[in-house]
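A.B. asks: I need the structure of the sequence given here:
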Amino acid sequence: MLWSRNYVIKPKLAPHSEYPDYKFHGTLNPMYVGDVIQYVDFFDYEHNIAGGGSARITIFGTLEIKS
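C.D. replies: A predicted model of the protein is given here:
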């Protein structure tokens, strides 16, 4: 995952491979009231739909820590 806190880029979190039923999780440390957190991550998969191939899911967003 790529992320920033208050528009300062933080170190990239470790990429890794997991089984399809894995529940991804993580911690963006530290965070304080008033911080703005921005993030983006990519999930790449092989699939067997219509003969097979690959797929990518991208997640991204912005969080403002209120309390």
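A.B. asks: CA atoms for contacts and neighbours, from now on please.
C.D. replies: OK.
A.B. asks: now for the helix-or-strand element of the chain with minimal mean pLDDT, which elements pack on it?
C.D. replies: Lowest by mean pLDDT, DSSP states H and E among the helices and strands of the chain is strand 36-47, with a mean of 93. With contacts defined as 3 or more Cα pairs under 8 Å, 6 or more residues apart in numbering; DSSP states H and E, strand 36-47 has these neighbours: strand 2-5, strand 53-64.
A.B. asks: Give me the buried positions along the shortest one.
C.D. replies: By that I understand strand 2-5. 3-5 (16 or more other Cα atoms under 10 Å).
A.B. asks: quick one: average pLDDT of that strand?
C.D. replies: For strand 2-5, the mean pLDDT works out to 95.
A.B. asks: what's the spacing between it and its chain's center?
C.D. replies: 10 Å (Cα atoms, centre = their mean, to the nearest Å).
A.B. asks: do the longest one as well
C.D. replies: Strand 53-64 has its C-alpha centroid displaced from the chain centroid by 7 Å (Cα atoms, centre = their mean).
A.B. asks: which helices and strands does it pack with?
C.D. replies: strand 36-47.
A.B. asks: The strand it packs on to strand 53-64, inter-axis angle?
C.D. replies: Strand 36-47 runs at 170 degrees relative to strand 53-64, counting by axes from the mean of the first three to the mean of the last three Cα atoms, to 10 degrees.
A.B. asks: Contacts for strand 36-47, please.
C.D. replies: 1-7, 52-65 (Cα atoms under 8 Å, 6 or more residues apart in numbering).
A.B. asks: swap the cut-off to 6 Å and go again
C.D. replies: 1-6, 53-64 (Cα atoms under 6 Å, 6 or more residues apart in numbering).
A.B. asks: Understood, closing this out.
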